[in-house]
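Trainee: Could you work out the structure for the sequence below:
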Amino acid sequence: LKAARPEIKIILAEPAAAPLVMSGQPQDRLPNNAPVGPHPAWIGAHPIQGWTPMFIPYNLQHTLDSGFAEEVLPVTGEEANKAARDLASKEGIFTGISGGA
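Mentor: Numbers count the residues shown, from 1 in each chain. The predicted structure follows:
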């Protein structure tokens, strides 16, 4: 995207109740890049389904390390839920809570 549109700004959204990326703490990995276990900042489940398992996936870590995104924003479950409902009622886009985030 940036090659075609250098002015684009890439922003990652992360559940406010599971701030793994925003914690700045690294994810410990096995030699095959699988997580050793839960991320040290993992505090438990959050309402945004399908998002943020208890570890930082390797493909996300690779993207973060490459500097692909300029910013990470926390999103609450309430904000994501409201945005998903607004997308459906105002734009006709049906998505789950994670799509609202």
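Trainee: ok, residues contacting stretch 40-59?
Mentor: 14-21, 23, 25, 27, 29, 33-35, 37-39, 64, 75, 77, 80-81, 96-98, 101 (CB atoms under 8 Å, 6 or more residues apart in numbering). No exception for glycine: its C-beta is placed from N, CA and C like everyone else's.
Trainee: go on, stretch 23-38?
Mentor: L20, H39, P40, A41, M54, F55, I56, Y58, Q61.
Trainee: State the distance from T95 to L30.
Mentor: 34 Å (CB to CB, to the nearest Å).
Trainee: which ones are touching the residue lying closest to I93 once chain neighbours are set aside?
Mentor: Using CB to CB, 6 or more residues apart in numbering and skipping the chain neighbours, the partner closest in space to I93 is L87 (4.3 Å). L87 is in contact with I93, F94, T95, G99, G100, counting by CB under 8 Å, 6+ apart.
Trainee: tally of neighbours for the closest residue to the second one other than its chain neighbours?
Mentor: Across the structure, with CB to CB, 6+ apart as the measure, the residue nearest F94 apart from its sequence neighbours is A88 (5.3 Å). Residues lying near A88 (other CB atoms under 10 Å) number 14.
Trainee: what's the distance between A88 and L20?
Mentor: Noted for A88: a distance of 28 Å to L20, by CB to CB.
Trainee: now P74
Mentor: Counting by CB to CB - P74 and L20 are separated by 11 Å.
Trainee: Could you do R5 as well?
Mentor: From R5 over to L20 (counting by CB to CB), the distance is 28 Å.
Trainee: Which one of the two is surrounded by more residues?
Mentor: Legend: neighbour count by other CB under 10 Å for R5 and L20, higher for L20 (22 against 8).
Trainee: In contact with the more buried one, which residues?
Mentor: L20 neighbours (CB under 8 Å, 6+ apart): E14, Q27, H39, A41, W42, T52, F55, I56.
Trainee: Nearest residue to the last one in space, ignoring adjacent ones along the chain?
Mentor: To tie it back to what came earlier, the one meant is I56. Q27 (4.2 Å).
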